[in-house]
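# When you get a sec, could you give me coordinates for this:
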Amino acid sequence: MTDFRKILRYSAYAVEILFAFVIQATPYFLPSMFGEKAVLLVPLAISMAVFEDDIPAIIFGALCGIFADFSYSGTVGFFSIFLVIISYMTSRLMTDYIKTNIISVMAVGAVGVILVLTAHFLFYCVFAGYPALWTIFSNHYFIRILYTLVFIPLFYLLNKKISLKSRRKRI
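Just a heads-up that it's a prediction; the model follows:
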């Protein structure tokens with residue numbers, strides 16, 4: 001029975017990833033904030049990793065990363081690598097060291113989102129040699145980071161519901 005529940009949970013995560021990808025990739029579906037759109041798959045990967053062990057967290061982090069690469073940067077690899085690392089670290093932190101609640105997930109999620117999007121800024125703007133880096137960061141990346149952070153509680157609550165429903169025992 002637990003294998004069936006695990007399959008249902010993983011299927012729900014897969015549908016969630018596809019739904020977030022479609023929302024993120026569809027123009028004008030998600031409103032933009034000062035011309036910037038949220039990167040939905042980053043907080044989604046982090047919120048899934050909160051409730052899963054290492055291997056499933058890595059797999060779902062990689063899937064979120066691949067879809068984020070397709071919809072956001074156009075190159076495969078950047079988000080995939082970073083979301084695998086962040087998902088693994090989040091899974092280990094939340095299962096071994098930190099009690100899972102909304103405050104801890106918001107803190108870990110904020111650190112993860114900031115790390116991934118700041119690394120994106122470093123690789124795609126700083127190392128590429130763009131001028132006016134502070135303007136690019138403050139007008140684009142900072143707003144994108146803030147807008148992405150808004151979705152952490154939403155994904156946390158959704159994945160908490162999925163996780164609790166799939167792990168509940170029937171009497």
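# Quick check, central residue of the chain?
In the chain, the residue lying closest to the centroid (CA atoms, centre = their mean) is residue 42, at 2.1 Å.
# Quick check, pLDDT for residue 2.
With respect to pLDDT, residue 2 has a value of 62.
# Likewise for residue 89?
On the pLDDT scale, residue 89 gets 93.
# Same question for stretch 109-119: list its buried residues.
109-110, 112-113, 116-117, 119 (16 or more other CB atoms under 10 Å). Placement of C-beta: from N, CA and C, glycine included.
# now those as JSON lines including pLDDT and distance to residue 13?
Output for the buried residues of stretch 109-119, formatted as JSON lines (pLDDT from 0 to 100; distance: CB to CB, whole Å):
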{"residue": "109", "pLDDT": "92", "distance to residue 13": "16"}
{"residue": "110", "pLDDT": "94", "distance to residue 13": "22"}
{"residue": "112", "pLDDT": "93", "distance to residue 13": "17"}
{"residue": "113", "pLDDT": "93", "distance to residue 13": "19"}
{"residue": "116", "pLDDT": "92", "distance to residue 13": "19"}
{"residue": "117", "pLDDT": "92", "distance to residue 13": "22"}
{"residue": "119", "pLDDT": "90", "distance to residue 13": "24"}
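# quick check, nearest of these to residue 75?
Distance to residue 75 across those (CB to CB) is lowest for residue 119, with 13.8 Å.
# Tell me how far residue 136 lies from residue 145.
13 Å (CB to CB, to the nearest Å).
# Tell me which of the two has more neighbours.
residue 145 (21 against 16; other CB atoms under 10 Å).
# dump the residue contacts of the more buried one.
Shown in contact with residue 145 (CB atoms under 8 Å, 6 or more residues apart in numbering): 113-114, 117-118.
# how about those residues, which pair is most distant?
Using CB to CB, the contacts of residue 145 span at most 9.1 Å, a distance reached by 113 and 118.
# Can you report phi and psi for residue 36?
Per-residue torsions, residue 36: phi -110, psi 140 (degrees, to the nearest 10).
# Show the contacting residues for it.
Residue 36 sits next to 140, 143-144, 147 when contact means CB under 8 Å, 6+ apart.
# what packs against the longest helix seen in the chain?
Counting residues, the longest helix found in the chain (DSSP state H) is helix 2-25. Contact partners of helix 2-25 among helices and strands, from 3 or more CB pairs under 8 Å, 6 or more residues apart in numbering; DSSP states H and E: helix 41-51, helix 54-68, helix 152-167.
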